[in-house]
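>>> could you look at this predicted model? Sequence included:
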Amino acid sequence: MSDAIVHLEAGVNDLTQQGKIIDSIDKYYADHCVFTESDGSARTSKRDQRAHLQGFFESLKSFDGATLHGQSTGDDISMSEWTFNMTGGDGDKIVWNEVLVRRWNDGKIVAERYYTS
């Protein structure tokens, strides 16, 4: 499945770079996907993650870009390193450096964990 994951990971990352993160959730994530934050808290469905991100993006003044620094794929797993630049509702700049680890099953992401610095 590794070759398929390479293609699927590229699709997710392409939408992310375009700022279409909600679209990537709709297209690539399993309904029961578990999303785990750096602090260990988690959301346990695509629906909950979608609502969480919609609320977050609505709180921003702007999403200013996402830079993909590198990616790696293996058997049913992928990892990507990102910098996200945003402007908060108060006008303050937000910069996230993040590694995303994704677990895949049957062409869908079933788990995603965020490692943020």
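Great, that's in hand.

>>> ok, and for the helix or strand hosting Ile94, which residues are buried?
When secondary structure is defined by DSSP states H and E, Ile94 falls within strand 93-105. Within strand 93-105, the residues that count as buried by 16 or more other CB atoms under 10 Å are Val99, Leu100, Arg102, Arg103, Trp104. The way it works is simple: take the backbone N, C-alpha and C, and place the C-beta from them, glycine included.

>>> now stretch 34-44
So, applying 16+ other CB under 10 Å, buried residues of stretch 34-44: Val34, Phe35, Thr36, Arg43.

>>> ranges for the helices of this protein?
Assigned by DSSP state H, the helices in the chain fall at 2-17, 21-28, 46-59.

>>> can you put those helices in CSV and add mean neighbour count?
Formatted as CSV, the helices of the chain follow (neighbours: other CB atoms under 10 Å):
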stretch, mean neighbour count
helix 2-17, 16
helix 21-28, 16
helix 46-59, 14
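
>>> and those as JSON lines, adding mean pLDDT and distance to Phe84?
Shown next, in JSON lines, are these (pLDDT from 0 to 100; distance: least, CB to CB, whole Å):
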{"stretch": "helix 2-17", "mean pLDDT": "92", "distance to Phe84": "9"}
{"stretch": "helix 21-28", "mean pLDDT": "96", "distance to Phe84": "9"}
{"stretch": "helix 46-59", "mean pLDDT": "95", "distance to Phe84": "11"}
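
>>> perfect, that will be all.
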